[in-house]
Each structure stands twice: as structure tokens, then as C-alpha cells.
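1. Build me a model from this:
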Amino acid sequence: MSNNEIAYHVIVEGRVTGVCFRWAALDYAKELPSLRGYIRNASYDKVEAVIQGSETHVELMLNWLRHGPSGARVDNIQINRKPISESLEIFTIRA
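-> Numbers count the residues shown, from 1 in each chain. Model (predicted):
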């Protein structure tokens, strides 16, 4: 972990379940080597994510979450800064 890491808690609302949103997010996160955290379904129309890593990689992931994969429709996104977590080692999908 480097000193310039940042972390955010994100809620994405819209047509984000049943459209492979989490799996597409995982695939995209694999392209960002410093990114750690998770994504999970929060309800029928929401996913929750915690993203942590270099500022560049976190900003790229935030930009991706604003639209998601084809077939998704993002109606709203809430982004809140959070403290760095020492326990996050990879980016994964949580149940």
C-alpha cells in the first residue's frame, strides 16, 4: 500500500442487477493493478462497492461505475470518501 492511496464507498442505483454489472466491474478492476475492494448487490436496483487504490485507478473505476456495462442504466451514484482499509487485498465480488 502506498501513501497516495484513496478509498471510497459507492452506491450505484438503476438497472444494475441482472445485467452482469458486478462481473463486468470485476473484469474492469483486473485491468487496474492497484485497485482493491469489493462490489455486491445491495437491493434489486442498487449495488454497493468499496474501491481503494491509487488515485488514478480509483478515478478510472469511479468513471466506469458511472455508466457500467452495456445493458445497465445508472440513474444515481453516491460516492463517499472513506478511510483506507488494511484488510483489502484484492477486488472481488461479495455476496
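2. tell me how far the lengthiest helix in the chain is from the chain's mean position?
-> If you go by DSSP state H, the chain has its longest helix at helix 55-65. Centroid separation for helix 55-65 versus its chain: 8 Å, with Cα atoms, centre = their mean, to the nearest Å.
3. mind checking how far the nearest residue to Ile93 once chain neighbours are set aside is from Tyr28?
-> Nearest in space to Ile93, with sequence neighbours left out and distances taken as Cβ to Cβ, 6 or more residues apart in numbering, is Arg22 at 4.9 Å. Where you see a C-beta, it was placed from the backbone N, CA and C, and this is true even at glycine. With distances taken as Cβ to Cβ, to the nearest Å, Arg22 is found 11 Å from Tyr28.
4. Over to Cys20?
-> 12 Å.
5. just Arg66 next, same as before
-> 12 Å.
6. The two: which has the busier surroundings?
-> Each of Arg66 and Tyr28 has its neighbours counted (other Cβ atoms under 10 Å); Tyr28 has more, 17 against 12.
7. quick one: contacts for that one?
-> 61, 64 (Cβ atoms under 8 Å, 6 or more residues apart in numbering).
8. That one should be in a helix, yeah?
-> Yes - judged by DSSP: H, G, I helix; E, B strand; the rest coil, Tyr28 forms part of a helix.
9. All further residue positions should be reported with the first residue as 487.
-> Renumbered: residue one is now 487, and that last one reads Tyr514.
10. in this structure, which strand has the most residues?
-> strand 491-501 (DSSP state E).
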